[in-house]
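Student: after the sequence you'll find the predicted model.
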Amino acid sequence: MGQAVGGVKSALLISLLHGFLFLIAGSGTESPLDSTTVDMSSRRFRAEFLQEWQGSADAPYFDSTTPKNITGLVGHPVRLLCRVKNLQNRTVSWVRHRDIHLLTVGRYTYTSDQRFEAQHKPRSEEWALRIRSPQRRDSGQYECQISTTPPIGHAVFLNIVEPETVISSGSELFIQAGSTINLTCTVRHTPEPPTSITWTHGDQVINFDSARGGISLVTEKGLKSTSRLLVQRATGLDAGVYTCGPNNAPSASTRVHVLSGEHPAAMQQGCAKSSLDKASVLFSIFTFYIFSKPTYNDLEFGT
């Protein structure tokens, strides 16, 4: 038993002695060890523990051409990528900034959320983080890190969006009778362009070849698809709710008011004048109350 303990102590002392020799080898102090062996060991020691690797030609670094902003769709897999040059024996990890959560280390996934997956091909410079079925809450900054001392990182911002439909006129449109109803519907953030965009007036589907006449539809499909509806010579029968419904995105609606008399601007001026009149009346009542109410100096107290 005593011999075993003595052997361990001897090994520990030898290790400490070697470490000491590695530290002083670069300072010009002579050593009984082979100079080439000591020099190589010393440089390795300093590279790993004294951080002299920083700024050197063989230090690991990121390929700056990889994308730093990624947009993904809700429910569709998204892949964050970093490319590392001269990695050597370092390790690459992915971290989520929102909660400083370690997601992957090397080719291993370190989170219980099974939507996240580390991806790397052997001898490849690419290290990817794949997110299956991403949600809006997954938006934010992620960082690809190299296990240097201290770690260096490559930040990637992820934005997860949902398909949306917008009508340019907003929730309401006021037009004069006899003019043209002009509505433009825009569909964005869809996996592919919608195969169809349907317009309805109330419960009725609008067709450009309907018996009413004077209706035209122009649709352009792409990364951002648009559909323009024109209804000429509008009458009171054309008022109501118009809905744009793409087949692969939520619908959007607007209410059209067809005016036969007062212009919307005049209506707004009338509302403003009415509000001003009310304010004037209230101010008059308040002024009368203030100046007619007796002050403390005017009051007479009985004994």
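Tutor: Happy to help now that I have it.

Student: where in the stretch 51-200 of the chain is pLDDT low?
Tutor: Regions of the stretch 51-200 of the chain meeting the criterion pLDDT under 70 cover residues 51-57.

Student: domain-wise, how is the protein divided?
Tutor: Using automatic domain parsing, the domain ranges for the chain come out as 2-49, 61-161, 164-259.

Student: reformat those as JSON lines; add mean neighbour count.
Tutor: Where C-beta positions appear, they are placed from N, C-alpha and C, glycine not excepted. JSON lines is the format used below for the domains of the chain (neighbours: other CB atoms under 10 Å):
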{"stretch": "domain 2-49", "mean neighbour count": "12"}
{"stretch": "domain 61-161", "mean neighbour count": "15"}
{"stretch": "domain 164-259", "mean neighbour count": "16"}
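
Student: ranges for the helices of the stretch 201-303 of the chain?
Tutor: In the stretch 201-303 of the chain, the helices defined using DSSP state H, counting those that start in this stretch lie at 264-292.

Student: identify the residues contacting Thr184.
Tutor: Residues near Thr184 by CB atoms under 8 Å, 6 or more residues apart in numbering: 167-169, 226-229.

Student: doesn't it fall inside a helix?
Tutor: No: Thr184: not assigned to a helix; according to DSSP: H, G, I helix; E, B strand; the rest coil it is strand.

Student: list the beta-bridge partners for it.
Tutor: Arg228 (DSSP bridges).

Student: measure it to Lys224 for me?
Tutor: Computed as CB to CB, to the nearest Å, the Thr184 to Lys224 distance reads 12 Å.

Student: Ser64 now?
Tutor: Ser64 sits 29 Å away from Lys224 when distances are taken as CB to CB.

Student: pretty sure Pro191 contacts Leu73?
Tutor: Yes: here Pro191 lies in contact with Leu73, judged by CB atoms under 8 Å, at a distance of 6.0 Å.

Student: now do the shared contacts for those two.
Tutor: In contact with both Pro191 and Leu73: Pro163, using CB under 8 Å, 6+ apart.

Student: distance to Leu102 added to the contacts of Thr184, as JSON lines?
Tutor: Listed next are these as JSON lines, based on distance: CB to CB, whole Å:
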{"residue": "Ile167", "distance to Leu102": "45"}
{"residue": "Ser168", "distance to Leu102": "45"}
{"residue": "Ser169", "distance to Leu102": "48"}
{"residue": "Thr226", "distance to Leu102": "44"}
{"residue": "Ser227", "distance to Leu102": "46"}
{"residue": "Arg228", "distance to Leu102": "50"}
{"residue": "Leu229", "distance to Leu102": "52"}
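
Student: closest to Arg79 among the residues you listed?
Tutor: Distance to Arg79 across these (CB to CB) is lowest for Thr226, with 29.4 Å.

Student: for the closest one, which residues are in contact?
Tutor: By CB under 8 Å, 6+ apart, the residues touching Thr226 are 184-187, 219-220.

Student: ok so, going back, just the closest of the contacts of Thr184 to Val258, please.
Tutor: Nearest to Val258 among the contacts of Thr184, counting by CB to CB, is Ser169 at 13.5 Å.
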